[in-house]
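Student: sequence? don't have it. structure:
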């Protein structure tokens, strides 16, 4: 197996020659336990002459299958007591909502470690879940330096290696270096690329429109079908039956979509119509030529207004029917004969019958 550099670590820790009070360092926040983890700045790490340490936001490493890569992690103890920090490698992945997270350690009894923040090297995010590392995180080794004791106000620089297996596929293999002390974990991202052909590809799936009015959102799923990490950009277009409908202009998504990962996202759509049938097209692009679209159709109906309108029409229809019934009843009532006053019986007028005479035989 070819080796890029020969390591001579054997529990060697490069401790800073000067105390941290003589070297500017990032101030610890009130909720921080008094130590930080970040990539070491290179050959000139201790800076015995003073001055700030150059910093990197993450580790970037690249090599062919079968090689051994090396780098160094800097641990700074800004407190007045000794710190014992345990180091390990971990696989990185996307959570369902697109957040960056890492797998728990092999001795974890529950959910694992925090996910390194994409805006900086140290993370204090929510606890992740999932199996232990079996990918690039398992390639990281600190050897005898996996447990580090850092004296008060001292900076320790710890070397580590990444051994790329000979049969590793090309592309990006996201990982992280995780430091743990007294239940608190801090992660530094490792961007590892194995040399070989790369492919940037993605798909847009399960597009749906939810809500209405200003609360409407477009939900969709992104799937990285390639072997490199993607920085996607989103654009939403809408076509209505009754005219133009405003969509959403192109913008970068706050997501790093890792190879083979699937994330479910929503995009606010304040321009949704009040009454229309709309066809929504979601277009996502990413550097490297990745492009995909997904569509969905939806009816927008102001159901509350429609409900009140329906009740009003129902009441109006009932009133109209009652009026027609009354009018029709008056028209079908029989008319009295000529000369008979309304309400008078016909037999009460006309010639009266002759009175009957008693047959007694007497002349009248």
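Tutor: Received the coordinates, thanks. Nothing here was measured: the structure is a model prediction, and the numbers come from that model.

Student: mind pulling up the phi and psi values for residue 137?
Tutor: When quoted as degrees, to the nearest 10, the phi and psi of residue 137 stand at phi -60, psi -30.

Student: Report how many residues lie close to it.
Tutor: Using other Cβ atoms under 10 Å, the number of residues around residue 137 comes to 26. Just so you know, the C-beta spots here come from the backbone N, C-alpha and C atoms, and that holds for glycine as well.

Student: Kindly state the pLDDT recorded for it?
Tutor: Model confidence at residue 137, given as pLDDT, is 95.

Student: residues contacting it?
Tutor: By Cβ atoms under 8 Å, 6 or more residues apart in numbering, the residues touching residue 137 are 88-92, 102-103, 175-176.

Student: Name the nearest of the residues you listed relative to residue 296.
Tutor: Comparing the contacts of residue 137 against residue 296 with Cβ to Cβ picks out residue 92 as the nearest, at 31.1 Å.

Student: my guess is the closest one meets residue 101, correct?
Tutor: Yes: counting by Cβ atoms under 8 Å, residue 101 is a contact partner of residue 92 at 7.1 Å.

Student: between the two, who's got more neighbours?
Tutor: residue 92 (29 against 26).

Student: Return the helix or strand in the chain with minimum mean pLDDT.
Tutor: strand 14-15 (a mean of 38; mean pLDDT, DSSP states H and E).

Student: Tell me the helix or strand right after that one.
Tutor: Under the assignment DSSP states H and E, the closest C-terminal helix or strand after strand 14-15 is strand 35-39.

Student: all helices for this structure, in order.
Tutor: Secondary structure of the chain, counting by DSSP state H: helices at 303-331.

Student: give me the low-pLDDT residue ranges for the stretch 1-150 of the chain?
Tutor: Applying pLDDT under 70 to the stretch 1-150 of the chain picks out residues 1-33, 42-54, 106-131.

Student: quick one: the strands in it?
Tutor: Applying DSSP state E, counting those that start in this stretch to the stretch 1-150 of the chain gives strands spanning 14-15, 35-39, 59-63, 68-77, 83-94, 100-102, 140-141, 147-150.

Student: could the ones you listed be laid out in JSON lines, adding distance to residue 289?
Tutor: Putting the strands of the stretch 1-150 of the chain into JSON lines (distance: least, Cβ to Cβ, whole Å) gives the following:
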{"stretch": "strand 14-15", "distance to residue 289": "43"}
{"stretch": "strand 35-39", "distance to residue 289": "30"}
{"stretch": "strand 59-63", "distance to residue 289": "21"}
{"stretch": "strand 68-77", "distance to residue 289": "28"}
{"stretch": "strand 83-94", "distance to residue 289": "21"}
{"stretch": "strand 100-102", "distance to residue 289": "24"}
{"stretch": "strand 140-141", "distance to residue 289": "31"}
{"stretch": "strand 147-150", "distance to residue 289": "43"}
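
Student: which one of those lies closest to residue 182?
Tutor: When the strands of the stretch 1-150 of the chain are compared by Cβ to Cβ, strand 83-94 sits nearest residue 182, at 8.4 Å.

Student: quick revisit: could you work out the most separated pair of the contacts of residue 137?
Tutor: The largest separation in the contacts of residue 137, counting by Cβ to Cβ, is between 88 and 92 at 13.0 Å.
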